[in-house]
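**Q** What would the 3D arrangement of this be:
(one chain, ligands or ions: 2)
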Amino acid sequence: MNILLIGYGKMGRAIEAQARARGHQIAGIIDPSRPEVSITDFTPAQVDVAIEFTHPDAAFQNVAACLRAGLPVVCGSTGWLHHFGEAKALSQQTGTPLFYASNYSVGVNLFFHFSEYMAAKMHQFGGYDVQVREIHHTQKVDQPSGTALTVAEGILRHFPGKTTWRNEATSEAHELAVLSEREGAVIGTHIVTYSCPADTIELKHEAHTREGFVQGALLAAEWLPGRQGVFGMNDLLGL
Ligand SMILES: NC(=O)C1=CN([C@@H]2O[C@H](COP(=O)(O)OP(=O)(O)OC[C@H]3O[C@@H](n4cnc5c(N)ncnc54)[C@H](OP(=O)(O)O)[C@@H]3O)[C@@H](O)[C@H]2O)C=CC1
Ligand SMILES: O=C(O)C1=N[C@H](C(=O)O)C[C@H](O)C1
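**A** Ligands and ions are numbered 1, 2, ... in the order given. You can find the predicted model right below:
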């Protein structure tokens, strides 16, 4: 497959190495360090799929440019979902597929499901309060993490005592606290905690390396070309 890499930071570089190891070619690299190259230089004849891991402020423009150019795009950037409706509409108008996941790791996508199941059960038995905590490296620019937002939305769907989330501690019983910590080079840790005076139950996912994100993004990139629509990890993994 010919892959256009958009963003050549921690994720872009790790994806390049793994893509080459799987026998794919890198058709081009779009990054501020290479201002002479732009997405509009590429056509569907040259690129089977674009993989976008950049920045919350850049992601939508990049996704939109790919869709307009007819390039299927797998996007992992977080913090741009206020534009997701526009991206979906553009995918429909152009007939070009879009894949988005707040987290490409298979483990995290299982964690999302366990968290929803847990929320429903904890609600059924009552008495517990719940909070979400995410810990990431100090270079991360958005908070809460995209993964924590997906977890929070899942809890809100299954735990009716919580009707909204807040990115800080809260004394409002109906608000789900989603706490963000930035520490050293932590790759990504997410913890859901249910507590009551008698006990505490936690569900935790801790990424040890970025390999899980990279493998998932490449699986999505290998799966997407030839499809039409907007997809996520549930479609890819059949969850
Ligand atoms: N969905 C998932 O599974 C995962 C998502 N992420 C998300 O992916 C994004 C990138 O993460 P990461 O690689 O760690 O971040 P990095 O900061 O290491 O890399 C981002 C790269 O994108 C470049 N960039 C910035 N603006 C543009 C633009 N307009 N066009 C092209 N490239 C641009 C940056 O250049 P410069 O430094 O010069 O600005 C940098 O080289 C983040 O939003 C992060 O939250 C990360 C890991 C997993
Ligand atoms: O910025 C990161 O590094 C990560 N971002 C994603 C997020 O915001 O959830 C996924 C992963 O946790 C790493």
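**Q** list the contacts for the residue nearest to Glu134 when sequence neighbours are not counted?
**A** With sequence-adjacent residues excluded and distances taken as Cβ to Cβ, 6 or more residues apart in numbering, Glu134 is closest to Ala148, at 4.1 Å. (Glycine included, C-beta is placed from N, CA and C.) Applying Cβ atoms under 8 Å, 6 or more residues apart in numbering to Ala148 gives the contacts Val132, Glu134, Val178, Ser180, His190.
**Q** same deal with Pro225?
**A** Pro225 makes contacts with Met1, Asp48, Val49, Pro72, Pro97, as judged by Cβ under 8 Å, 6+ apart.
**Q** check those against ligand 2, which are close?
**A** Taking Cβ under 6 Å from any ligand atom as the test, ligand 2 is in contact with none of the contacts of Pro225.
**Q** Quick check: the two most widely separated of these?
**A** Spanning the widest gap among the contacts of Pro225 are Met1 and Pro97, at 14.2 Å by Cβ to Cβ.
**Q** who's more crowded, these two?
**A** Pro97 (21 against 15; other Cβ atoms under 10 Å).
**Q** And this protein, what are its domain boundaries?
**A** Domain assignment of the chain by automatic domain parsing yields the ranges 2-104+211-237, 106-206.
**Q** Out of those domains, which is the most enclosed?
**A** Comparing the domains of the chain by mean neighbour count (mean count of other Cβ atoms under 10 Å), domain 2-104+211-237 comes out on top with a mean of 18.
**Q** roughly how far out does that domain sit from the chain middle?
**A** 12 Å (Cα atoms, centre = their mean, to the nearest Å).
**Q** Can I get the longest helix along the chain as PDB, trimmed to CA atoms?
**A** If you go by DSSP state H, the chain has its longest helix at helix 106-125. The C-alpha coordinates for helix 106-125 follow below in PDB (Å, rounded to 0.1, in the frame of the first residue of the first chain):
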ATOM      1  CA  VAL A 106      -7.100  -2.900  20.800                       C
ATOM      2  CA  GLY A 107      -6.600  -3.100  24.600                       C
ATOM      3  CA  VAL A 108      -8.200   0.400  25.000                       C
ATOM      4  CA  ASN A 109     -11.100  -0.500  22.800                       C
ATOM      5  CA  LEU A 110     -11.800  -3.600  25.000                       C
ATOM      6  CA  PHE A 111     -11.400  -1.300  28.000                       C
ATOM      7  CA  PHE A 112     -14.100   1.000  26.500                       C
ATOM      8  CA  HIS A 113     -16.500  -2.000  26.400                       C
ATOM      9  CA  PHE A 114     -15.600  -3.200  29.900                       C
ATOM     10  CA  SER A 115     -16.100   0.300  31.200                       C
ATOM     11  CA  GLU A 116     -19.600   0.600  29.700                       C
ATOM     12  CA  TYR A 117     -20.600  -2.900  31.100                       C
ATOM     13  CA  MET A 118     -19.200  -1.900  34.500                       C
ATOM     14  CA  ALA A 119     -21.100   1.500  34.400                       C
ATOM     15  CA  ALA A 120     -24.400  -0.400  33.700                       C
ATOM     16  CA  LYS A 121     -23.800  -2.900  36.500                       C
ATOM     17  CA  MET A 122     -22.600  -0.300  39.000                       C
ATOM     18  CA  HIS A 123     -25.700   1.800  38.300                       C
ATOM     19  CA  GLN A 124     -27.900  -1.300  38.800                       C
ATOM     20  CA  PHE A 125     -26.600  -2.000  42.300                       C
END
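**Q** can it be found next to ligand 2?
**A** No. Using Cβ under 6 Å from any ligand atom, helix 106-125 stays clear of ligand 2, coming no nearer than 7.4 Å.
**Q** Just give me the closest of the contacts of Pro225 to ligand 1.
**A** Lowest distance from ligand 1 to the contacts of Pro225 (Cβ to the nearest ligand atom) belongs to Val49, with 15.6 Å.
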